[in-house]
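> okay, predicted coordinates and the sequence, questions at the end:
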Amino acid sequence: GAVLDSLDFNILEADSGRKALQILETTDVALILLDVQMPILDGFQTAKLIKAKFPEKNLPIIFITAIHKEDPYVLRGYAAGGVDYIGKPFDPHVLKAKVRLHTEAYTKTKILQLLETQLGGAASRLKLILDSVPEAICTTSVDGKVTFLNKAMEDCTGYRPEEYLGKDLSALFSSNGFPDFKEGFRETLLAGRPTPVFKARIAARSGKPRPVEVHLNPMLQGSKFDGAVCVVRDTSKTA
């Protein structure tokens, strides 16, 4: 513990493998320094129990040993889930550097996992919102490929999302009803401006194209074009 006192970490100490397991029941930690020589449960046994009991934590473990320095023990340490294996006596500066490295790597991984969870939740909420609006909406990639269709767009076309995802947006519309789509998409959206309203016919599963009005708006990341939002209004209902 004294070697690591200069690091800005909260250090918890356990005098046995069982005590370490008890701490992990109630406390989140970023790194475990595990002595190979311990009573009752040695370091290898403790590491295996930690990995088995807390698999979701994916905790990095550094083994430290004064006597078991031969290759078979080192390999056993890695097999037990260790990320490093250090023999005593060790250079305090090396130990601190390794502790800092593995702790920062673990922390960054946890932050990325949290962001992924939050973004996944945000995406689910956004889909629920878009599915609740009456307008038919879809989004495209930079090259005009369909990346999302809301429920109203499914109802308008009669097709399931997987039947259109990855296809060119113009495939949603009858070939003679959306002739200037590619030119408008390329020239207007790439310039970062909404398109005029297109009058087109949507290619429905029923085989009877419906007259629609189509409006495209660019999605921007800063000033960079990142795709488009397509809003479709079924004019057959108002004709």
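It's in.
> any regions of this structure where pLDDT drops low?
By pLDDT under 70, the low-scoring segments of the chain are 1-8, 108-109, 111-123, 174-192, 196, 237-239.
> now the helices for it?
17-26, 43-53, 71-79, 92-132, 151-157, 181-184 (DSSP state H).
> need the residues that contact the first one.
By that I understand helix 17-26. Here helix 17-26 makes contact (C-beta atoms under 8 Å, 6 or more residues apart in numbering) with 12, 14, 29, 32, 34, 38, 40-43, 45-46, 49-50, 53-54, 57, 59. Backbone N, C-alpha and C define where each C-beta goes, glycine included.
> chain center to it, what's the gap?
Its chain's C-alpha centre and that of helix 17-26 lie 30 Å apart, by C-alpha atoms, centre = their mean, to the nearest Å.
> buried stuff in that helix?
Using 16 or more other C-beta atoms under 10 Å as the test for burial, helix 17-26 gives 17, 20, 21, 24.
> show me what contacts the nearest residue to residue 80 once chain neighbours are set aside?
Distances taken as C-beta to C-beta, 6 or more residues apart in numbering place residue 47 nearest to residue 80, at 4.0 Å, with adjacent residues excluded. Residues near residue 47 by C-beta under 8 Å, 6+ apart: 34, 61, 63, 77, 80, 81, 82.
> distance to residue 203 added to these, as JSON lines?
Shown next, in JSON lines, are those (distance: C-beta to C-beta, whole Å):
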{"residue": "34", "distance to residue 203": "63"}
{"residue": "61", "distance to residue 203": "58"}
{"residue": "63", "distance to residue 203": "63"}
{"residue": "77", "distance to residue 203": "62"}
{"residue": "80", "distance to residue 203": "59"}
{"residue": "81", "distance to residue 203": "55"}
{"residue": "82", "distance to residue 203": "59"}
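> out of those residues, the closest to residue 128 would be?
residue 81 (39.7 Å; C-beta to C-beta).
> number of residues surrounding the closest one?
20 (other C-beta atoms under 10 Å).
> which residues touch it?
Residue 81 makes contacts with 47, 48, 50, 51, 61, as judged by C-beta under 8 Å, 6+ apart.
> what is the nearest of those residues to residue 102?
Nearest member of the contacts of residue 81 to residue 102, counting by C-beta to C-beta, is residue 61, at 9.1 Å.
> residue contacts, that closest one?
Residue 61 touches 31, 32, 34, 47, 50, 80, 81, 82, 83, counting by C-beta under 8 Å, 6+ apart.
> can you redo those residues as CSV with distance to residue 224?
Converted to CSV, those look like this (distance: C-beta to C-beta, whole Å):
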residue, distance to residue 224
31, 39
32, 43
34, 48
47, 47
50, 45
80, 47
81, 43
82, 44
83, 38
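> narrow those residues to those in strands?
Judged by DSSP state E, strands contain the following of the contacts of residue 61: 32, 34, 82, 83.
> now tabulate those in JSON lines and tack on neighbour count.
Shown next, in JSON lines, are those (neighbours: other C-beta atoms under 10 Å):
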{"residue": "32", "neighbour count": "24"}
{"residue": "34", "neighbour count": "23"}
{"residue": "82", "neighbour count": "23"}
{"residue": "83", "neighbour count": "18"}
